[in-house]
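>>> Sharing a model prediction with you, sequence too.
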Amino acid sequence: MPFAPSSPVTGAAITGLTLPTYTLTADTPPNANSKQFAVTALGGTQTSVDTNMVSKPFTMTFFRPPVLRPLPQARVDTGIISNIPVNRYTFLLRKGGVPAANQVPQLIKLSFVAEIPAGVDAFEPEEIRAAMSCFVGTLSANADGICSILLTGVL
């Protein structure tokens, strides 16, 4: 299934946000190897949170490698594949925020990078699924704690 988040997205439980939801609208991506969505409406209680604006973006973009690299053939004499290529995928969320009174908005950037060795997708796809499941589950279960770290700097 391609990157096509269902809208609205239900946000994680975070202190100060009550039942947050984010309505997405397809946006113009930065290049042909990406898909982008803008947050155009909010649900729940999110006091002072803004939707996407030119000066204060609230977008999410998923990038795939411009050229997908396949697994090369193994050496005939050893059966070993040296220099296994890696396909790099990136998910970027951008959210504008004002750092202080009378200041211009700055970008909050949250990114996820997946580096998948060529061949794992075909030989052990369950390992990619398990890695993603664990990663997203950990982020979701710890969203409020991670937010606290980002706010206080205290691990």
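Cool, the structure landed.
>>> hey, what's the residue positioned nearest the centre of the chain bridged with?
Residue closest to the average C-alpha location in the chain (Cα atoms, centre = their mean): Phe91, at 3.3 Å. Beta-bridge partners for Phe91, by DSSP bridges, are Phe62, Phe112.
>>> Pull the contacting residues for it.
Shown in contact with Phe91 (Cβ atoms under 8 Å, 6 or more residues apart in numbering): 60-63, 111-113. Yep, even glycine has a C-beta here, placed from its N, CA and C like the rest.
>>> Go again with 10 Å.
3, 34, 60-63, 110-114 (Cβ atoms under 10 Å, 6 or more residues apart in numbering).
>>> want to try a markdown table for the residues you listed, with pLDDT and neighbour count as columns?
Shown next, in a markdown table, are these (pLDDT from 0 to 100; neighbours: other Cβ atoms under 10 Å):
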| residue | pLDDT | neighbour count |
| --- | --- | --- |
| Phe3 | 88 | 15 |
| Ser34 | 97 | 17 |
| Met60 | 97 | 21 |
| Thr61 | 97 | 20 |
| Phe62 | 97 | 19 |
| Phe63 | 97 | 20 |
| Leu110 | 97 | 12 |
| Ser111 | 97 | 11 |
| Phe112 | 97 | 14 |
| Val113 | 97 | 10 |
| Ala114 | 97 | 15 |
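>>> counting contacts, what elements does the longest helix belonging to the chain pack onto?
Counting by DSSP state H, the longest helix found in the chain is helix 125-141. Packing contacts for helix 125-141, counted by 3 or more Cβ pairs under 10 Å, 6 or more residues apart in numbering; DSSP states H and E, involve strand 106-117, helix 120-123, helix 143-152.
>>> Show me how far the shortest one is from its chain's centre.
Averaging C-alpha positions (Cα atoms, centre = their mean, to the nearest Å) puts helix 120-123 22 Å from its chain's average.
>>> for stretch 91-99, same thing?
On Cα atoms, centre = their mean, the centre of stretch 91-99 falls 12 Å from that of its chain.
>>> residues of that stretch that come out buried?
Of all the residues in stretch 91-99, those buried under the rule 16 or more other Cβ atoms under 10 Å are 92-96.
>>> who's in contact with stretch 23-30?
Stretch 23-30 has contacts (Cβ under 10 Å, 6+ apart) with 4-9, 34-43, 51-52, 57-63, 92.
>>> Also stretch 132-146?
Stretch 132-146 is contacted from outside by 11-17, 110, 112, 114, 148-149, 155, using Cβ under 10 Å, 6+ apart.
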